[in-house]
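# curious how this folds, go ahead:
(one chain, ligands or ions: 1)
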Amino acid sequence: MKTTEHYLYTDITGNKVSIRSYEFGNGEPMLYLQGGIHGGEVTYFIFQKLYEYIKSIENLLTFKVLMLPMVNPISWQQRVYYYPVGKFSLQSGQDFNRHYSEKEYEEGNVAKKLANLLRNLSEDYKIAFDFHTARCSKPYLYVEDRSLISLANLIGLNLNLFDFEINPTEFSGYYVNKMRQNSNSTKAFTIECGTHDDYSEQNITEVTKSIIRLLNKLLEVGEKIFECNFENESITFCLPQKWIYSAITGFAKFYKQPNELCSIP
Ligand SMILES: [Zn+2]
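Have a look, this model is predicted:
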């Protein structure tokens, strides 16, 4: 296992801020895992479990796995009282996950520099995952492209087809979207690993097992994984995505609980 520090910026106190990657195995770059782009989205415990597992099977790996459990130190330093709120860059006002745009690097824009670094680190990998948490949810996987449904089925989490065409402006610069436009070789997914600010052993185990399932299949069939057709009848599939805007601000009452099935008219 190789640990690398990737320099990001120097803060106002003169400290050099960097992000750490863990590289396992040899051979072709295959699996890329990143988390923590948004402050307060705790996916670290999943990485901890995956780290232990991958380390234990490292001598079996015929390909490379790159893991970055905490990619965004800027977001985790943004706090109000004791709560990390770093979803948005205070410099640009934009979501940190909207900076993977066409402009490679803008002098002084550290969020763009970070996005550029992450894209460069991951673009040689065949499969990439960006770990997040959602407001109040059970783990699920965003599939941004129908051609990836088979692979997504193998991973075994609930699926949600995320159609960028519905709102292209809102999601320009989004990691997975950008990887899709940039390269034909990287199949990129977002996993929402559970509820914000929540510690759930069940959710952690579910996501960890899904990545291990994929990893084991990769060890078994290698790149043939992309030719296989995996089907799973028990998958929840939310389609189409529906956007509902209220005319005025107010409160929303949710009639469905996370994981509760509903039909969309
Ligand atoms: Zn997020």
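# any idea how far C136 is from F45?
19 Å (C-beta to C-beta, to the nearest Å). Just so you know, the C-beta spots here come from the backbone N, C-alpha and C atoms, and that holds for glycine as well.
# so which residues of the stretch 151-265 of the chain form helices?
Secondary structure of the stretch 151-265 of the chain by DSSP state H, counting those that start in this stretch: the helices cover 175-182, 201-221.
# quick one on the thing from earlier: more crowded one of F45 and C136?
Higher neighbour count among F45 and C136: F45, with 18 against 12, using other C-beta atoms under 10 Å.
# contacting residues for N229?
Counting by C-beta atoms under 8 Å, 6 or more residues apart in numbering, N229 touches S150.
# what does it show for phi and psi?
Reported as degrees, to the nearest 10, the phi and psi values for N229 are phi -120, psi 100.
# let the chain start at 11 from now.
Yep, numbering from 11; the last one is N239 now.
# tell me the contacts of G96?
By C-beta under 8 Å, 6+ apart, the residues touching G96 are H48, G49, G50, N82, I84, S85, W86, Q87, Q88, F106.
# and the gap between it and S147?
Taking C-beta to C-beta, one finds G96 at 20 Å from S147.
# same check, this time on A138
Using C-beta to C-beta, A138 is found at 21 Å from S147.
# among these two, which residue is more densely surrounded?
A138 (26 against 19).
# tell me the secondary structure of that one, please.
Assigned by DSSP: H, G, I helix; E, B strand; the rest coil, the conformation of A138 is strand.
# phi, psi for the residue nearest to P79 when sequence neighbours are not counted please.
Closest residue to P79 apart from its sequence neighbours, by C-beta to C-beta, 6 or more residues apart in numbering: F57 at 3.6 Å. Dihedral angles phi and psi of F57 (degrees, to the nearest 10) take the values phi -60, psi -40.
# show me what contacts F57?
L43, G45, M77, P79, F141.
# is the second one bridged to anything, and to what?
In other words, G45. Counting by DSSP bridges, G45 is bridged to F141.
# tell me how far it lies from G183.
Distance from G45 to G183, by C-beta to C-beta: 19 Å.
# swap in the fourth one?
Counting by C-beta to C-beta, the gap from P79 to G183 is 23 Å.
# also the last one?
Per C-beta to C-beta, F141 is found 18 Å from G183.
# between those two, which one's more packed in?
F141 (27 against 21).
# can you pull the contacts of that one?
F141 neighbours (C-beta under 8 Å, 6+ apart): L43, Q44, G45, G46, E51, T53, I56, F57, T200, I201, C203, V217.
# most neighbours out of these, which is it?
Counting by other C-beta under 10 Å, top hit in those: C203 with 29 neighbours.
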